[in-house]
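[1] 3D model of this:
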Amino acid sequence: MQMLPPAGAGALPSGHVLDALLAGHGLTPPRSAMAQSPEDVGSMRRGHRLSGRAQIMSPDATHKTEVGGVALGLADSAAVEAAAHACEPACWRASLDARLDGFLIRRWCPGLQYVVGRPHRSLYGPFLVLGLGGVTVEVLKDIAIALLPSRRRRLRAC
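    Have a look, this model is predicted:
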């Protein structure tokens, strides 16, 4: 089973790499596809019958929603392609020298989003952060923290 990179080793993987990692731990992410350009997005969406969500993929744009790099509620391939064109400049709003690795087209699954983080602090070591995801984590600032390693009972209490 593929494991998470060691704490302090940099950003967690994203896109299909993260999906495969989560699948290895029994979590099923929504169907998705990667496209290299906005023009590829329309054909990818038609081929995968994905609906509703497009986002930029850039290791330099951590908060994609805040810079306009996420579009939701996209009904057809034309809307998905137009959203990718509109989201493309968001990468450079994050940073003028940001890298754009492409676009993640994902089936939209209504419900709760969540955030899982594994920061490392020299004083405490690695710990786990859990909370509601998307912009909600920034607005509510309601997260649970558990030092690692932790027993399952402790994590459930979070």
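[2] other SSEs contacting the lengthiest strand in the chain?
    Ranked by residue count and defined by DSSP state E, the top strand of the chain is strand 125-132. For strand 125-132, the elements it packs on are strand 114-117, strand 120-121, helix 136-140, strand 143-147, judged by 3 or more C-beta pairs under 8 Å, 6 or more residues apart in numbering; DSSP states H and E. For glycine as for every other residue, the C-beta is placed from the backbone atoms N, C-alpha and C.
[3] Helix or strand for the residue lying farthest from the centre of the chain, just tell me which one.
    In terms of distance from the mean C-alpha position of the chain, residue 123 ranks first, at 28.1 Å (C-alpha atoms, centre = their mean). Residue 123 is part of no helix or strand when elements are defined by DSSP states H and E.
[4] related to what we said a few turns ago, I'd like the helices and strands packed on strand 125-132 written out as a markdown table, with distance to residue 93 and mean pLDDT added.
    Putting the helices and strands packed on strand 125-132 into a markdown table (distance: least, C-beta to C-beta, whole Å; pLDDT from 0 to 100) gives the following:
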| stretch | distance to residue 93 | mean pLDDT |
| --- | --- | --- |
| strand 114-117 | 22 | 68 |
| strand 120-121 | 29 | 72 |
| helix 136-140 | 17 | 76 |
| strand 143-147 | 26 | 80 |
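[5] circling back to that earlier point, could you list the buried residues of the longest strand of the chain?
    Within strand 125-132, the residues that qualify as buried are 127, 128, 130, 131, counting by 16 or more other C-beta atoms under 10 Å.
[6] what's the angle between it and strand 143-147?
    Per axes from the mean of the first three to the mean of the last three C-alpha atoms, to 10 degrees, the angle that strand 125-132 makes with strand 143-147 is 160 degrees.
[7] Where do the domain boundaries of this protein fall?
    If you go by automatic domain parsing, the domain ranges for the chain are 15-107, 114-157.
[8] So which of those is the most surrounded?
    Sort the domains of the chain by mean neighbour count, taking mean count of other C-beta atoms under 10 Å, and domain 15-107 sits at the top with a mean of 17.
[9] I am finished for the moment; much appreciated.
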